[in-house]
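Q: My questions are about this predicted structure, shown below with the sequence.
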Amino acid sequence: MKFGVIVFPGSNCDQDVYYVLRTVLDQSVEYIWHAETSLKGYDCVVLPGGFSYGDYLRAGAIARFAPIMSAVVEFAQKGGLVLGICNGFQILLEAGLLPGAMQRNNCLQFRCQDTYLRVENNATPFTNRFRRGQVIKIPIAHNEGNYYADPETLCRLKERGQVVFRYCTPEGEITLKANPNGSLENIAGIINEEGNVLGLMPHPERCAEEILGGTDGRELFASIIDWWTGRRSEGA
Ligand SMILES: NC(=O)CC[C@H](N)C(=O)O
């Protein structure tokens with residue numbers, strides 16, 4: 001399986017994702033510069049965190065016009081796996097690959113802390129190593145993570161199991177106190193209707209080794225590899 005990590009001007013988590021995939025999980029992975037126009041040969045593309053184009057206008061609002069984004073849209077439409085982490089999630093929202101929008105954190109401050117997440121849907125290529133309802137710990141680091149969707153969109157997301165992660169207490173309760181940014185219904189990550197594009201605000205690449213305080217993030221990347229390997233052995 002071959003991963004690609006897209007690098008925008010201002011990405012700052014690209015090397016962390018690359019490291020986890022290459023060194024921790026022993027995968028084939030390459031950087032893809034934002035000015036490229038093809039994703040031929042890749043099986044999963046990661047849009048990493050950072051401050052693409054300095055977050056000017058709105059986080060992700062400029063990056064979504066980068067040349068590579070037309071290829072990302074086409075890749076996603078053909079069923080390719082796309083993972084957007086933090087700024088990557090914001091870019092996927094701006095590009096219309098995921099529904100809804102991101103607002104500034106309701107505290108109007110940058111938040112950098114561990115968060116607990118409840119896995120609401122484990123039947124995805126990105127979460128199959130988790131149990132439904134499992135509580136995992138993954139850190140956040142963002143200024144604009146206050147997810148919003150209009151009532152109709154929110155209803156659709158919930159009906160179709162597209163809410164994948166919610167901020168929760170260590171015991172798995174969805175409370176206001178466990179919500180670090182004001183996100184609607186504590187939403188931390190969502191998937192598209194087709195199930196091949198996931199966006200999440202927390203950073204799984206920052207907790208993929210014990211030395212970093214946990215390995216829950218590693219399991220997300222390992223889920224992708226398991227899903228891919230399983231599909232291959234089924235002859236798909
Ligand atoms: N870590 C990140 O990707 C930061 C995302 C974005 N720049 C924000 O502050 O909201």
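A: Looks like it came in fine. Numbers count the residues shown, from 1 in each chain.

Q: Next, count neighbours for residue 200.
A: Per other C-beta atoms under 10 Å, the neighbour tally for residue 200 reads 26. Yep, even glycine has a C-beta here, placed from its N, CA and C like the rest.

Q: quick one, helices of this structure?
A: Taking DSSP state H, the helices of the chain run over residues 14-19, 68-77, 87-94, 151-159, 216-233.

Q: Mind checking the pLDDT average for the first one?
A: Per-residue pLDDT values across helix 14-19 average out to 98.

Q: Surely residue 168 is in contact with residue 135?
A: Yes. If you go by C-beta atoms under 8 Å, residue 168 and residue 135 touch, sitting 6.2 Å apart.

Q: more crowded one of these two?
A: residue 168 (23 against 17).

Q: ok, for that one, nearest residue in space, not its chain neighbours?
A: residue 118 (4.3 Å; C-beta to C-beta, 6 or more residues apart in numbering).

Q: How about the helix or strand of the chain at the bottom of the mean pLDDT ranking and the ligand, touching?
A: Within the chain, no helix or strand scores below helix 216-233, which has a mean of 93 by mean pLDDT, DSSP states H and E. No. Residues of helix 216-233 are not located near the ligand by C-beta under 6 Å from any ligand atom, the shortest gap being 13.6 Å.

Q: Quick one: distance of that helix to the chain centre.
A: A distance of 15 Å separates the centroid of the chain from that of helix 216-233, by C-alpha atoms, centre = their mean, to the nearest Å.

Q: what's the answer for stretch 16-36, then?
A: The chain centroid and the centroid of stretch 16-36 are separated by 15 Å, computed with C-alpha atoms, centre = their mean.

Q: State the distance from the nearest residue to residue 47 once chain neighbours are set aside to the ligand.
A: Nearest residue to residue 47, sequence neighbours excluded (C-beta to C-beta, 6+ apart): residue 88, at 3.0 Å. Computed with C-beta to the nearest ligand atom, to the nearest Å, the distance linking residue 88 and the ligand is 7 Å.
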